[in-house]
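S.K.: for reference, the sequence and a predicted model appear below.
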Amino acid sequence: VVYIDAVLPAGKVRKLLDILVEQCDVYVFGGVIRNFLLGYPFHRDIDLVVYAKEKITLPIELLHGINISRNKFGGVKLSLPHITIDVWGLESTWGLLQTKGKATPYSLIRTVFFNFSAIVFDYKHQHFIYSDDFLRFYDSKTIELVYGRNPYPTACVVNTCYYAQEYNFSIGKKLSTWISRQALGDDVETQQVRRY
């Protein structure tokens, strides 16, 4: 919690998070968790997944000055000067929509693409939820495939190469096989430039 609070800018964003936690479950997801556990102090953005039993209400004044748009997976992107925060409703995450799975953090981590993403931090209850896929990654530093369906296969290939080079990770057999079966076309360089 201390790390996440340090990453988030004080003021409006912290207040928004506090209001979210009062109304719903909030799970920190993605690269910020991986980097924290591996001891890397940098992050590009923060991904939050929320689960609410009732409609969430946010004070409009806290949203002034924050650029709000849709992200590519249908969530909400909050763009601030020094950080981007992506927020999804748990039940509308892409993998759960594909598998028609029950909206739980446990089903969420079974539908991630990379094994290093098979972990969330339950912000409200202050504990990690993770799978054996994540533990195998943490022990071996080998990137592996968890759930192979993805609407952006080229981005997954580009990300695999980036993570392998940037963090000195190995690429697992299942993921290598998946990559070799992709018909990527000519947009690999475009994806790489766009993302990195």
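M.R.: It's in.
S.K.: can you list the low-confidence ranges for the chain?
M.R.: 9, 183-196 (pLDDT under 70).
S.K.: where exactly do the helices run in it?
M.R.: 2-7, 12-23, 31-38, 94-99, 105-109, 132-140, 153-167, 173-180, 188-195 (DSSP state H).
S.K.: find the nearest non-adjacent residue to the residue nearest the centre of the chain, please.
M.R.: In the chain, the centroid-proximal residue (Cα atoms, centre = their mean) is residue 30; its distance is 3.0 Å. Spatial nearest neighbour of residue 30, chain neighbours left out: residue 47 (3.6 Å); criterion: Cβ to Cβ, 6 or more residues apart in numbering. For glycine as for every other residue, the C-beta is placed from the backbone atoms N, C-alpha and C.
S.K.: where's the spatially most distant residue from the centre of the chain relative to residue 151, distance?
M.R.: In the chain, counting by Cα atoms, centre = their mean, residue 61 sits farthest out from the average C-alpha position, at 26.9 Å. Between residue 61 and residue 151 the computed distance is 36 Å (Cβ to Cβ, to the nearest Å).
S.K.: same check, this time on residue 26
M.R.: Note on residue 26: its distance to residue 151, by Cβ to Cβ, is 25 Å.
S.K.: those two - which one has more neighbours?
M.R.: Comparing residue 26 with residue 151 by other Cβ atoms under 10 Å, the one with more neighbours is residue 26, at 25 against 10.
S.K.: which residues sit in contact with the more buried one?
M.R.: Residues near residue 26 by Cβ atoms under 8 Å, 6 or more residues apart in numbering: 17, 20, 48, 49, 50, 122, 123, 124.
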